[in-house]
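**Q** Pasted the sequence and its predicted model underneath.
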Amino acid sequence: MRRLSILGFALYGTVQSQPAAPTDEYLHSLYDRLHDSPTQRKFRELAPVPVGVVFLPWAGMTEAEMRSEFRTMKKLGFHNLKQAMGTPEWPEEKVLSIALEEGVIPFWYGEGGWERITPELLDKLGIPRTASKAELRKHPKMLAYQKEVLRRGIGAKSGQALLTGELYQHTPDPFLRDHDVAPFAGWLRQHYASPEELNRAWNAYEVGISPEPFKTWTDVEKYLATLPQDERGNRQFGREYGRTRDILQYKAETHARDVLARSEASVKANPHAPTRTGGEMGLFLPFAWRATKMEDLAQTQLHVGSFYPSIHFAWHYGEVHYEVARPLYMQSSFATDLFKGGWTGGWESTGGPQQLTGGKGWDYPEQSTTAGFTVNAGTMTQLLLSFFAGGMKGAGLWTWNFRRAGWEGGEFALTNRQGRPTERAIRAGQIAQAAERYRDELWSTHKEPYVGLLLNWDSDAIWAASSVRGRDHFKHYAMNARVGASRALIDANIPWEHVTPDDLRAGLVGRYKVIWLAGQIALNEELLRILFDYAGKGGRVVLDSPGGWYDHRGHVFSTAAGSTFEQLFGVELADFQYSNNVPRSVAGVKLGSFITELAPTRAKVVERFSTGEPAVTESATGKGSGVVIGFAGSIENFKPGRAVNGPLAKYVMGTIPSPYSCDNAIAYRLAAPQADHYFLINDGDARKAKLSSSRWKYSNATDAVTGESISLDSVALEAHSGRWIRATPRR
C-alpha cells in the first residue's frame, strides 16, 4: 500500500520531473524545492537569523530597570526576545510593548514576522524599488512600518486558544483509547479497500496471529472496541506488528492534522507572524513508539512557519547519557534535514547551567541521575555553531535572567546570580552579531553531503511494535542506531545528512555517494527498488545488522536468491545471531550485539569475524555496490568511546575519501556562493587544528566572529569550545 501524503502538500512526482542543472552535483535546486512555498520564499527574502532570549520580570522591578535590561541585550547582539513571561506587577503584553519600544523585537521569529517586502509596499512607503536588502533593513520608513506590523501581534491569540475543544486527544504510545476506536475504524476504511486486504496487512493467515480473519468491517469494529478494555492496553495483540504499526500511523497522522489546524488558525488571526512546531520534545526520543512522525510535523509548517527541536540539556539529553558536543549537531541536522529547504531554528534552547531542575526524566535512568552540565562560553559556542552548521537559521535561549524563586530558581540564565551578563552571554551575543552580518550568506548556504543516513519511520515503527510484548528498550534502538551512525561520520569528518524515503522518491537519491541503512530492521520492496536503481548508476548502499529482518508490516523479509535484496547486496541473510555466549570480534574489536549470518551469492567477503564467518561483504551492482555489515555497527556505536567507531566509517565509505579533513577537531561545512563556512568543534583541551581539503582551495580565511585572519594549517581552538571560519575559494 502506497501511503498518500496526509497533508496534501508535497507533490513529489511534480518535483521529481524537474531535472537538475548539469553542474548541480548535490541537487541543491531540487533540495530547495522540496519545501518551497510563498511563506518559505518570504523567509528566504527577509533572511532572518534571530538569536533571541527569554526575559523574566522579577518582583519589584521598575520600568527603568526593565528598559536597561533590554538595552543591554541589544548592545550585546540580542535584537529580539525568544519570549517573555508576565507577573502580577508586569503583564506579559506590557513587557512585550516596552521591549518593542526599546528596539527589541518581542517575538522568537525576529524579522521573520515582518510583512513581506513587495514592490507595492515600497511604492506605498515611498522607498525606491532599487534599494538593496541592507538599505531596506535600516530604512527609517521600513522600520517604522514593520514595527507597527509587529505591534499588532502583541496579545494575539494562539491557534491552541482558537481551537480549544476541537483537538484530538493524542496519547504518545501504541495503545488505543476509547476515543480512538471510531476514528481508527474510519482510518482503516480509508487505507484498506476491504477487510481481506486488512487481514493480509495484519498477517492474519500466519500461525498464532488470529483465530479467525475478519470477514466484514463490522467484525473489525467489534474487535477494535475490545482493545481499550484490556488494562494492559494493546499488549494482548502485541505479538503481531502490522496492526501496532497502523495504530501508530493513525495517531501520528491525526496529531499532525491538529498541529496544522492550530498553525493555520494562528496565521489567520495574525497573518504576518510565523508559527512553529517540533516543540518540547527533544530529538532523541522513540518517536514512532510515541505515535509521532516528526517529518509530518515539519510538513505542517510548509505554508505557515518554522520547524524546531527543543534543546535543553537537563530536559532532553538524558537519552544520550548527557553527552553534549556531538548530539548538538545531530539534533540540528535532524530538524533541518526533515524540513529540507524550509526554515528551521533552535527556538527552544538553553542559556545557562541547570542542575536541580528541568523536570523528572521519563524513565528510571534519568530519574535516578543528576543532569549536571557546565554551560560556559565554550559550551554556548558549541551550541550556536552546531545550530548554524546543521542548517538552522536562528535560536531562542532560555533565559536572559533567572527566576528568583521556585523551580529553575537561580538556574538556566545568561546573566549571573548578580544579574550581570556572563562570558557566555557576551560570547553568544558575539556569535549572534556575526550571524546578523552574514545572514544573507547563511541563507544561501547548503550542505554538500557525501552520505545520506536513512531515516525511515516504517522501520522505526517495527522497532516500536517489537517492544510492546518484547523488551521495552527495543523502541530506543532506531534512535540508538541514528546516533551511532552519526557519531562515526562526525568523528571521521565525513559530510552527511538524514534522508527519508519521501526524499528518495522525490529524486534526491542522486545527491549522495553513499546511502547508509543504519539499524533498519524493516525494509520494503519499493525502497529497495529505488536503492537498486541508485546502485546501478554508481551509488553505494550500506546495510548493517539487524537490517532486513522484517518488512514494513512485520512479516519476515525475503532475501533469497533472485530477490531484489539479493540482487542489490549479493548475499542472502541466513540467520540472525547475537555476540554473547559465542563472542565475535572484527578488526580486533569485541562485539556485543546483533550478528547477521551472511551467505554470499555474488558478493566478496571484505572482512571476517574472529570465528571465520563473513563480517562485511561487498557486491558490485551495476556501476555501484551493495555492502552488508554483518554486525550492529550503528547500534554498538551509540555510546561515546566505542572501539567500533573507526572501523565502521571505513566499511561505510570503502575507498571514497572525505572531501576535507581536520586534525584534532570536528569540522562541519556549509557551502555558499561567496564562501565556505566551517564550524570547528573542540571536545577536549585547548589545541591547534589543521583544516585541509582535497577538493577546494582557498585564497584566505577569517574568524567569522572576530574578523581575525586565520591560517588553516594552524587553527587555535580553546578548550571545549569551537570556532567559525569563513573561507573564500580561489577563483
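**A** Noted; the coordinates are in hand. All of these numbers come straight from a predicted model, not from anything done at the bench.
**Q** was I right about Ile494 contacting Glu448?
**A** No: using Cβ atoms under 8 Å, Ile494 is not in contact with Glu448, being 11.6 Å away. C-beta coordinates here come from the backbone N, C-alpha and C atoms, glycine included.
**Q** Which one's more surrounded, the two?
**A** Ile494 (22 against 18; other Cβ atoms under 10 Å).
**Q** List the residue ranges of the stretch 351-500 of the chain that fall below the pLDDT cut-off.
**A** In the predicted model, the stretch 351-500 of the chain carries no residue with pLDDT under 70.
**Q** In it, mark out all the strands, start to finish.
**A** Here the stretch 351-500 of the chain has its strands, by DSSP state E, counting those that start in this stretch, at 395-398, 451-454, 496-499.
**Q** so what does the helix ranked longest in the chain touch, helix or strand wise?
**A** Longest helix in the chain by number of residues (criterion: DSSP state H): helix 241-269. Secondary-structure packing of helix 241-269 (3 or more Cβ pairs under 8 Å, 6 or more residues apart in numbering; DSSP states H and E): helix 159-162, helix 178-191, strand 275-277, helix 294-299, helix 457-466.
**Q** Find the residue closest to Trp217 in space, skipping its chain neighbours.
**A** Nearest residue to Trp217, sequence neighbours excluded (Cβ to Cβ, 6 or more residues apart in numbering): Pro195, at 6.0 Å.
**Q** quick one, what contacts that neighbour?
**A** 213-217, 219-220 (Cβ atoms under 8 Å, 6 or more residues apart in numbering).
**Q** returning to what we had before: deepest of the helices and strands packed on helix 241-269, which one?
**A** A comparison of these by mean neighbour count, using mean count of other Cβ atoms under 10 Å, puts helix 457-466 on top with a mean of 27.
**Q** so what secondary structure elements neighbour that one?
**A** Judged by 3+ Cβ pairs under 8 Å, 6+ apart, the packing partners of helix 457-466 are helix 241-269, helix 477-491, strand 522-523.
**Q** And the residue nearest to Trp217, how far from Phe631?
**A** Using Cβ to Cβ, to the nearest Å, we find Pro195 at a distance of 42 Å from Phe631.
**Q** Leu100 touches Arg151, doesn't it?
**A** Yes: the pair Leu100 / Arg151 is scored as a contact, 6.1 Å apart, by Cβ under 8 Å.
**Q** More neighbours: which of the two?
**A** Leu100 (21 against 14).
**Q** buried stuff in the host helix or strand of the more buried one?
**A** In the assignment (DSSP states H and E), Leu100 maps to helix 92-101. Neighbour-count burial for helix 92-101 flags 92, 94-96, 98-100 (criterion: 16 or more other Cβ atoms under 10 Å).
**Q** Any idea which of the strands of the stretch 351-500 of the chain gets closest to Glu115?
**A** Among these, strand 395-398 comes nearest to Glu115, with 21.9 Å by Cβ to Cβ.
**Q** CA-only coordinates of the closest one, as PDB, when you get a sec.
**A** Provided in PDB are the C-alpha atoms of strand 395-398 (Å, rounded to 0.1, in the frame of the first residue of the first chain):
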ATOM      1  CA  ALA A 395      18.000  30.300  18.100                       C
ATOM      2  CA  GLY A 396      16.000  31.100  21.200                       C
ATOM      3  CA  LEU A 397      17.800  30.900  24.500                       C
ATOM      4  CA  TRP A 398      16.200  30.200  27.800                       C
END
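**Q** Remind me what the helix holding Leu100 packs against, helices and strands.
**A** Packed against helix 92-101 by the contact rule (3+ Cβ pairs under 8 Å, 6+ apart) you find helix 63-76, strand 81-84, helix 140-151.
**Q** Give me the contacts around it.
**A** 55, 57, 63, 66-67, 70, 81, 84-86, 105-107, 147, 150-151, 154-155.
**Q** ok, of those, which come out buried?
**A** Restricting the contacts of helix 92-101 to buried positions leaves 55, 57, 66, 70, 81, 84, 105-107, 150, 154, with burial counted as 16+ other Cβ under 10 Å.
**Q** Pick the most deeply packed of the helices and strands packed on helix 92-101.
**A** Greatest burial across the helices and strands packed on helix 92-101, using mean count of other Cβ under 10 Å, falls to strand 81-84, with a mean of 24.
**Q** Now do that one: distance to the chain's middle.
**A** The chain centroid and the centroid of strand 81-84 are separated by 23 Å, computed with Cα atoms, centre = their mean, to the nearest Å.
**Q** Neighbouring strands of that strand in the sheet, and parallel or not?
**A** Partners of strand 81-84 in the sheet, by DSSP bridges, are strand 51-55 (parallel).
**Q** so the partner strand versus helix 92-101, what angle?
**A** Using axes from the mean of the first three to the mean of the last three Cα atoms, to 10 degrees, the inter-axis angle of strand 51-55 relative to helix 92-101 is 140 degrees.
**Q** Numbering from 444 from now on, please.
**A** Yep, numbering from 444; the last one is strand 494-498 now.
**Q** Now strand 494-498 - C-alpha only, CSV.
**A** Extracted C-alpha coordinates of strand 494-498, given in CSV (Å, rounded to 0.1, in the frame of the first residue of the first chain):
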residue,chain,number,x,y,z
VAL,A,494,19.1,34.9,18.2
GLY,A,495,16.6,35.7,21.0
VAL,A,496,16.5,35.4,24.7
VAL,A,497,13.7,34.9,27.3
PHE,A,498,13.1,37.8,29.7
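**Q** Any buried residues in it, and which?
**A** Using 16+ other Cβ under 10 Å as the test for burial, strand 494-498 gives 494-498.
**Q** got it, and stretch 787-803?
**A** 787-797, 800-801.
**Q** gap between it and the chain center?
**A** Distance of stretch 787-803 from the chain centroid (Cα atoms, centre = their mean) equals 17 Å.
**Q** Pull the distance from stretch 1040-1054 to the chain's centre.
**A** Mean C-alpha position of stretch 1040-1054 versus that of the full chain (Cα atoms, centre = their mean) differs by 34 Å.
**Q** now do stretch 870-881
**A** Chain-centre distance of stretch 870-881: 23 Å, with Cα atoms, centre = their mean.
**Q** got the buried residues for that stretch?
**A** By neighbour count on 16+ other Cβ under 10 Å, the buried set for stretch 870-881 is 870-879, 881.
**Q** ditto for stretch 1069-1082
**A** Across stretch 1069-1082, burial judged by 16+ other Cβ under 10 Å covers 1069-1081.
**Q** Tell me how many other residues surround Leu470.
**A** 20.
**Q** Shouldn't Gln612 be within a strand?
**A** No: using DSSP: H, G, I helix; E, B strand; the rest coil, the assignment for Gln612 is coil, not a strand.
**Q** Got the confidence number for it?
**A** Per-residue confidence (pLDDT) for Gln612: 89.
**Q** Which strand or helix spans the nearest residue to Val1158 once chain neighbours are set aside?
**A** Closest residue to Val1158 apart from its sequence neighbours, by Cβ to Cβ, 6+ apart: Ala1132 at 4.8 Å. For Ala1132, the host element (DSSP H and E) is strand 1130-1136.
**Q** same check, this time on Glu1050
**A** Secondary structure (DSSP H and E) places Glu1050 in strand 1047-1051.
**Q** quick one on the thing from earlier: please convert the helices and strands packed on helix 900-909 to CSV, extending it with distance to Gly556.
**A** CSV is the format used below for the helices and strands packed on helix 900-909 (distance: least, Cβ to Cβ, whole Å):
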stretch, distance to Gly556
helix 684-712, 11
helix 920-934, 33
strand 965-966, 42
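**Q** ranking these by burial, who's on top?
**A** Comparing the helices and strands packed on helix 900-909 by mean neighbour count (mean count of other Cβ under 10 Å), strand 965-966 comes out on top with a mean of 28.
**Q** Show me how far it is from its chain's centre.
**A** On the basis of Cα atoms, centre = their mean, strand 965-966 sits 21 Å off its chain's mean C-alpha point.
**Q** Past that strand, which element shows up next along the chain?
**A** Scanning forward in sequence from strand 965-966 by DSSP H and E, the next helix or strand is helix 968-979.
**Q** If anything else comes up later, I'll come back, but that's it for now.
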